[in-house]
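Engineer: Prediction below, plus the sequence it came from.
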Amino acid sequence: MRKNRKESIIEIARDLFARFGFKKTTVDEIARALHMGKSTIYYYFKTKENIFKAVIKRESRFLAQKIKEAINKETSPEKKLRAFILTRMRCLGQLANFYSALKDEYLEHYSFIEKARKKDLEGEIEIIKSLLKEGVKSGVFTVKNPNLTSFAIVTALKGLEYPWTIETEMTDIQRNINILLEVLFNGIRRR
């Protein structure tokens, strides 16, 4: 029963935070939406920040799972890299709270947000680096510095997050990813 209540709080809070943002959502509103007393919410979570932290963790796990599934379905390093990028962009559009935690400046002073951002960045760099190394090992990629290359790819993706996840249709995102990967795989130099 306790776990169900805690999960219900996280789920309702997730919807409210996504709709109104972290600042504007109150514990009173979360309690009202759940038909619970505010004290019940505080029994499970000491602060609104703790609720948001639980929401971010859930969305982060969801994203990691979707990326892992997409990569595991593919056989070549190129297809795995494409699956990573496409799945990441597709899911970020659905994970309003996680995306907000990654980009909103007003959340920077919360230490758990900074930890989430750092963990997200490091995790993505590691995934890309492992895909690059797999490609080098199989003779598909030529990468002199996997650390720098993976950092550059992740940084480029972060720069494209907003325009691609908020302002662009999924079919256009897929086309844009294919163009980006064509440049990545083949370079810009005329051969």
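Structural biologist: Alright, I've got the coordinates. Numbering: from 1, shown residues only.
Engineer: lowest average confidence, helix or strand, in this structure?
Structural biologist: Here the helix or strand of the chain ranked lowest by mean pLDDT, DSSP states H and E is helix 96-103, holding a mean of 67.
Engineer: Who are the packing partners of the helix or strand following that helix?
Structural biologist: As assigned by DSSP states H and E, the chain's next helix or strand after helix 96-103 is helix 111-137. Taking 3 or more C-beta pairs under 8 Å, 6 or more residues apart in numbering; DSSP states H and E as contact, the helices and strands that helix 111-137 lies on are helix 48-73, helix 77-94, helix 96-103, helix 146-165. (C-beta placed from N, C-alpha, C; glycine too.)
Engineer: Reformat those as JSON lines; add mean neighbour count and distance to residue 113.
Structural biologist: As requested, these are exported to JSON lines (neighbours: other C-beta atoms under 10 Å; distance: least, C-beta to C-beta, whole Å):
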{"stretch": "helix 48-73", "mean neighbour count": "18", "distance to residue 113": "8"}
{"stretch": "helix 77-94", "mean neighbour count": "19", "distance to residue 113": "16"}
{"stretch": "helix 96-103", "mean neighbour count": "20", "distance to residue 113": "5"}
{"stretch": "helix 146-165", "mean neighbour count": "16", "distance to residue 113": "15"}
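Engineer: Can you tell me how far residue 78 is from residue 71?
Structural biologist: The gap separating residue 78 from residue 71 is 12 Å, by C-beta to C-beta, to the nearest Å.
Engineer: Please report phi then psi for residue 47.
Structural biologist: For residue 47, the backbone dihedrals are phi -140, psi 160 (criterion: degrees, to the nearest 10).
Engineer: okay, now it: neighbour count?
Structural biologist: Neighbour count of residue 47, defined by other C-beta atoms under 10 Å: 10.
Engineer: Let me see the contact set for it.
Structural biologist: By C-beta atoms under 8 Å, 6 or more residues apart in numbering, no residues touch residue 47.
Engineer: Tell me the confidence at it?
Structural biologist: For residue 47, the pLDDT comes out at 94.
Engineer: how much space between it and residue 115?
Structural biologist: From residue 47 to residue 115 the distance is 16 Å (C-beta to C-beta).
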